[in-house]
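# Build me a structure from this.
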Amino acid sequence: MSKELEIVIGLEVHVQLDTRSKIFCSCSTGFGALPNTNICPVCCGYPGVLPVLNKKALFLALRVCLALNCKINRRIYFERKNYFYPDLPKNYQISQYALPLGEDGILLISSGKEINIKRVHLEEDAGKLIHRKDYSLVDFNRAGIPLLEIVTYPDINTPQEAFDYLTQLKLTLQYIGASTCDMEKGYLRCDANISLREKGENNLGTKVELKNMNTFRGVRDALEYEVKRQTKIIEKGEKIYQETRLWDPSQGKTFSMRRKEEAHDYRYFPEPDLVDFKIEEEWIERERSLIGELPLTRKKRILKDYQLQEEEVDVIVSSRWLADFFEKACSYFKDYKKIASWLIGPFLEIFYTEGSDWSKIKITPKSFSKVVEYFSTGKLNNLGAKKVLAKIFTNNADVDKVIEEEGLAQVSGEEELIKFVEEAIVANPNPVNDYLRGKQQAVMFLVGWVMKKSRGKANPKVVREMLEKKLREKGGGND
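Prediction:
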């Protein structure tokens, strides 16, 4: 009989802090610059240079620690983490080890489970290797980028929990303004440690580290694969080796990168070129005041205050920008359900078409709510409202002016529609006869005909009612 196994997962997340300059020098952190242009003697590790700590990086890191309910170490210092790698110009990385900025934090995930956070510390990033067929190139632009490493305890017990933790962590970091967390640009990266042990066992199993996962779905998939792989090895009675494995998303499996019997010793010692730092109470209180409402708290409040479905609220709170926009729009038009429906539907559809960039959106919550209100009251039909929304999305043009210029106002008056309705009945005898024989849906062909003839201006609900009334008269009053 096979043993019942328990999955044990710990995650290490590196997130780039949202600063304009690097952590120990004034070089730009801007993305997309030509290789080796955002560099200087400090971040390239020239002899005799002196690093100076970026104050904003420290303050943002402090804000993260507070949002994650960490114990703040009031005195911190930096250390040299010594190892050789081609993209590490100094042959050591300035990091924190003995005294990290934050320890023993907690992040609550959507299931209600608390994931315990072991440590949160500041460090600099290394450069980037660009591999070609027969050679490799080094770009030092990322060397010295301010990173925050967030390490959990081995509290995560399923790949889905790992996915949920990462999702909630990313949202939290974005909500408090610490990082954009743009994974496509490498602003958030994750390594996972996974082991299996017999249910009820206290000691951890042999740890395998997983790398090269650049999406949360990739993390979940890699962990799911590794669970199956390790389970098969244990059931065969074979040994699992401590190793680092890379995830290959194209093949859907992991493969060994390097094997190690013991954890690697990086030889830390205090960074002699940086003083110790005292974390002032004033800094802590200021950063605490800037945190604001966190995602899960906001989700609960919006669910209660606006009476929406949980799936709708999940989309709305998936971005602080979107949640702010929603609540502001609701202050202008009180039909919260329709505001949510149009925001999640047509609004986001246009957003993704326009390139998924919040900064390009110029429409205001007030203008958006006006479009939704005009649709709700019948001034605009569905097609007309979507056209207005698309027209003003990136320029916030006046809603009423666009409706007038484009001739999009919906026609609902019977005296304006009667001509179209009578023409539809004369021009389409087959659908008319089908309807009179009892095929109720045949009327929709006639509605579509009127909509086409009216260039989308007719109110389809009114048109259908008028058609059905005329057809009942034509059929002698019988339904």
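# could you say what helices and strands the longest helix anywhere in the chain packs with?
Counting residues, the longest helix in the chain under DSSP state H turns out to be helix 216-235. Under the contact criterion of 3 or more Cβ pairs under 8 Å, 6 or more residues apart in numbering; DSSP states H and E, helix 216-235 touches strand 5-16, helix 159-175, strand 188-198, strand 208-213, strand 243-248, strand 253-259. No exception for glycine: its C-beta is placed from N, CA and C like everyone else's.
# That one to strand 243-248, inter-axis angle?
130 degrees (axes from the mean of the first three to the mean of the last three Cα atoms, to 10 degrees).
# neighbouring contacts of helix 216-235?
2-3, 5, 7, 9, 11, 159-160, 162-163, 166-167, 170, 190, 192, 194-196, 205, 208, 210, 213, 239-240, 245, 247, 249, 252-254 (Cβ atoms under 8 Å, 6 or more residues apart in numbering).
# Please compute how far that helix lies from its chain's middle.
Distance, stretch centre to chain centre, for helix 216-235: 24 Å (Cα atoms, centre = their mean, to the nearest Å).
# Could you do stretch 37-48 as well?
34 Å.
# what's the span of that stretch from first residue to last?
End-to-end distance of stretch 37-48 (Cα to Cα, to the nearest Å): 21 Å.
# list the buried ones in it?
Neighbour-count burial for stretch 37-48 flags 38-39, 42-45 (criterion: 16 or more other Cβ atoms under 10 Å).
# Quick one: work out the angle between the longest helix of the chain and strand 188-198.
Using the same axes, to 10 degrees: helix 216-235 against strand 188-198 is 20 degrees.
# shaky segments in the stretch 101-250 of the chain?
Within the stretch 101-250 of the chain, no range satisfies pLDDT under 70.
# For L408, which three-state class applies?
coil (DSSP: H, G, I helix; E, B strand; the rest coil).
# pretty sure it is touching V402, no?
Yes. Using Cβ atoms under 8 Å, L408 is in contact with V402, at 7.3 Å.
# shared neighbours, the two?
V388.
# Please list all residues in contact with E201.
Applying Cβ under 8 Å, 6+ apart, the residues near E201 are E6.
# quick one: secondary structure of it?
From three-state DSSP, the assignment for E201 is coil.
# residues in contact with the host helix or strand of F420?
Here F420 sits within helix 414-427, counting by DSSP states H and E. Residues from elsewhere that reach helix 414-427 (Cβ under 8 Å, 6+ apart): 411, 432, 446, 449-450, 453-454, 458-459, 462-463, 466-467, 470-471, 474.
# now swap in stretch 129-144 and tell me
With Cβ under 8 Å, 6+ apart, stretch 129-144 has contacts from 22-25, 27, 33, 35-39, 42-44, 86-89, 124-128, 186.
# Can you tell me which of these are buried?
Of the contacts of stretch 129-144, these count as buried by 16+ other Cβ under 10 Å: 22-25, 27, 38-39, 42-44, 87-89, 124-127.
# What is the neighbour count of V8?
19 (other Cβ atoms under 10 Å).
# Sorry, wrong one. I was asking about S250.
By other Cβ under 10 Å, neighbour count at S250 equals 5.
# coming back round to it: tell me which entries of the buried ones among the contacts of stretch 129-144 lie within strands.
Judged by DSSP state E, the subset of those located in strands is E124.
# hang on, the earlier thing: report the inter-axis angle for the longest helix of the chain versus strand 208-213.
Using the same axes, to 10 degrees: helix 216-235 against strand 208-213 is 150 degrees.
# Buried residues in helix 216-235, which are they?
216, 218-227, 229-230, 234.
# how about those residues in JSON lines, adding distance to I302?
As requested, the buried residues of helix 216-235 are arranged in JSON lines below (distance: Cβ to Cβ, whole Å):
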{"residue": "F216", "distance to I302": "23"}
{"residue": "G218", "distance to I302": "30"}
{"residue": "V219", "distance to I302": "28"}
{"residue": "R220", "distance to I302": "26"}
{"residue": "D221", "distance to I302": "31"}
{"residue": "A222", "distance to I302": "33"}
{"residue": "L223", "distance to I302": "31"}
{"residue": "E224", "distance to I302": "32"}
{"residue": "Y225", "distance to I302": "36"}
{"residue": "E226", "distance to I302": "36"}
{"residue": "V227", "distance to I302": "35"}
{"residue": "R229", "distance to I302": "41"}
{"residue": "Q230", "distance to I302": "41"}
{"residue": "I234", "distance to I302": "45"}
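# any idea which of those is the one closest to K360?
Closest to K360 out of these is F216 (24.8 Å), distances taken as Cβ to Cβ.
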